[in-house]
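Asks: Pasting the sequence and the predicted coordinates here, then a few questions.
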Amino acid sequence: MSAPSLKRQFIAGATCPECNLQDKIQRIDDGEKVWMECVSCGMVRNLDEQSVQKTAEILDEIARPVTLRSPTDPKKVH
Ligand SMILES: [Zn+2]
């Protein structure tokens with residue numbers, strides 16, 4: 001019964017880099033570590049202490065509007 005209390009916060013507007021779904025990214029803080037997790041595909045991105053300062057930058061990065069790319073490179077289309 002000693003489970004740490006996790007602080008989970010959805011990141012509005014964040015797009016998962018794995019499944020590209022929006023508003024599925026949670027920022028999770030257990031008091032020592034901070035990481036991000038996608039509740040849709042399970043993507044986890046650890047944010048160690050040294051990276052915590054960059055969390056805002058990373059979140060800002062993934063929160064940017066996604067530029068949809070064509071699945072195939074036009075140059076390589078047969
Ligand atoms: Zn995902």
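Replies: Perfect, thanks for sending it. Since the structure is predicted, the reported quantities are computational estimates derived from the model, not experimental observations.

Asks: Any stretches of this structure with poor pLDDT?
Replies: Along the chain, the model assigns pLDDT under 70 to residues 1-4, 48-56, 58, 62-74, 76-78.

Asks: Around the ion, which positions in it sit nearby?
Replies: 16, 18-19, 38, 40-41, 43 (C-beta under 5 Å from the ion). Where C-beta positions appear, they are placed from N, C-alpha and C, glycine not excepted.

Asks: give me that answer again for 8 Å
Replies: 16-21, 24-25, 38-43 (C-beta under 8 Å from the ion).

Asks: Out of those, grab the one that's most surrounded.
Replies: Of all these, residue 25 has the most neighbours under the rule other C-beta atoms under 10 Å, reaching 25 neighbours.

Asks: The residue nearest to that residue when sequence neighbours are not counted: neighbouring residues, count only.
Replies: Spatial nearest neighbour of residue 25, chain neighbours left out: residue 14 (3.9 Å); criterion: C-beta to C-beta, 6 or more residues apart in numbering. For residue 14, the neighbour count with other C-beta under 10 Å is 23.

Asks: Isn't residue 14 up against residue 21?
Replies: No: here residue 14 does not reach residue 21: they are 9.7 Å apart, not a contact under C-beta atoms under 8 Å.

Asks: Common neighbours of those two, please.
Replies: Shared contacts of residue 14 and residue 21 (C-beta atoms under 8 Å, 6 or more residues apart in numbering): none.
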